[in-house]
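Visitor: Sharing a model prediction with you, sequence too.
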Amino acid sequence: MTLATLILVLLPSAWPASPEDHRPTMRKAAELLIKADGNLDKLFFTRRRETRELDATGAVKSKEAITVRRDPYEELVVTRVIARDDKPLSQQELQEQEETIRKGIASYREKLAKQGPQKPTPKKDDEDEKALIREFPDAVDFTLVGPETFRGRDGLAYTFVPRPGYSPKSMKSRMFEKMRGRCIIDKATGELVFVDAEIFDNLSLAFGLAAKVTKGTTFRMTRVEAAPGIWVEEDMHARFSARIMLFKNMRQEVSTRYTEFRPRPPKAQTRASN
């Protein structure tokens, strides 16, 4: 046995890992992400979302910011607008909003009394999103960059690129053919805590008839453990340029940030509004 062979036998961890070695880790992260889909319903929070409309050069044409706060309302939960463009609502706007909330809750309670609690019906878009998340670990190849501390927690950083020869399962998942990026997995829990992805080449869906996503579209997300065992999105940023159905051009930059997380009491589990 040569020295090189002996080293490979005794120290297999020294040999570079293949992309297949990382897929189980990423599949677990994908399932945890899907499982956490309803976690925001377990919390009160404040959310600020800013939408910027862009011109063909990427310059900002206009922007709008809306800040909402999710609060308890007796045994229910409501979401109130508390600011527009970072300016508090006027007294009249606040009064009109409270009246709308009051009427909405009265209508909800009347319907509840007649029909009883209704089970939520799964939406097709939700199911499509879950399928897309599950496909991601198989559609790209991951390379372990190394350990990385993220928000004070031990993590593992990876880069990812399209998997050669992979056949997308849907029209939407064709975007994985043109996607690359970086992500971090929390070492203790296996949760995805950071992802930064970009579309590096123009992408036509249904031969450009459904949509065309242009090179330079980006998406970034960070996640946090807002309460013990409750992982949620904390910050999301997307910048995209697309043409929809040959007619409508969309160029936007959207930033969403959640703050002031508070656990929701177990008894307040009926949602009145979003």
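Guide: Sure thing, it's come through.
Visitor: Now the top helix by length along the chain: buried residues?
Guide: Among the segments of the chain that qualify as a helix by DSSP state H, the longest is helix 91-115. For helix 91-115, a neighbour-count test (16 or more other C-beta atoms under 10 Å) marks 101, 105 as buried. For every residue, glycine as well, the C-beta is placed using N, CA and C.
Visitor: After it, heading C-terminal, what element do we hit next?
Guide: Counting by DSSP states H and E, the next helix or strand C-terminal to helix 91-115 is helix 124-139.
Visitor: and the next element down the chain from that next one?
Guide: As assigned by DSSP H and E, the chain's next helix or strand after helix 124-139 is strand 140-150.
Visitor: how much does the helix or strand just after that next one deviate in direction from helix 124-139?
Guide: Downstream of strand 140-150, the first helix or strand assigned by DSSP H and E is strand 153-162. On the basis of axes from the mean of the first three to the mean of the last three C-alpha atoms, to 10 degrees, strand 153-162 is oriented at 90 degrees to helix 124-139.
Visitor: just to revisit the earlier point, counting by contacts, list what the longest helix of the chain packs against.
Guide: If you count contacts as 3 or more C-beta pairs under 8 Å, 6 or more residues apart in numbering; DSSP states H and E, helix 91-115 packs onto strand 76-84.
Visitor: Can you tell me which helices and strands the strand it packs on packs against?
Guide: strand 43-54, strand 60-73, helix 91-115.
Visitor: Test my guess that residue 65 contacts residue 50.
Guide: Yes. With contact defined as C-beta atoms under 8 Å, residue 65 counts as touching residue 50 (4.2 Å).
Visitor: of all the helices and strands packed on strand 76-84, which lies closest to residue 193?
Guide: Proximity to residue 193, assessed across the helices and strands packed on strand 76-84 by C-beta to C-beta, is greatest for strand 43-54 (17.4 Å).
Visitor: centre of the chain versus the closest one, how much separation?
Guide: Strand 43-54 has its C-alpha centroid displaced from the chain centroid by 13 Å (C-alpha atoms, centre = their mean, to the nearest Å).
Visitor: So which bits of it are buried?
Guide: Buried residues in strand 43-54, counted by 16+ other C-beta under 10 Å: 43, 44, 45, 46, 47, 48, 50, 52, 54.
Visitor: do stretch 81-91 as well
Guide: Of all the residues in stretch 81-91, those buried under the rule 16+ other C-beta under 10 Å are 82, 89.
Visitor: Quick check: end-to-end length of that stretch?
Guide: Terminal residues of stretch 81-91 are spaced 12 Å apart (C-alpha to C-alpha, to the nearest Å).
Visitor: So what touches that stretch?
Guide: The contact list for stretch 81-91 (C-beta atoms under 8 Å, 6 or more residues apart in numbering) reads 46, 48, 64, 65, 66, 67, 68, 69, 97.
Visitor: Let me have those in TSV, adding pLDDT and distance to residue 233 as columns.
Guide: Listed next are the contacts of stretch 81-91 as TSV, based on pLDDT from 0 to 100; distance: C-beta to C-beta, whole Å:
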residue	pLDDT	distance to residue 233
46	98	14
48	98	13
64	97	20
65	98	18
66	98	17
67	98	16
68	98	15
69	97	17
97	95	25
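Visitor: which of those residues lies closest to residue 196?
Guide: Nearest to residue 196 among the contacts of stretch 81-91: residue 48, at 20.5 Å, using C-beta to C-beta.
Visitor: What count of nearby residues applies to the spatially closest residue to the closest one that is not a sequence neighbour?
Guide: Leaving out its chain neighbours, the residue that sits closest to residue 48 by C-beta to C-beta, 6 or more residues apart in numbering is residue 67, at 4.4 Å. Neighbourhood size, residue 67 [other C-beta atoms under 10 Å]: 21.
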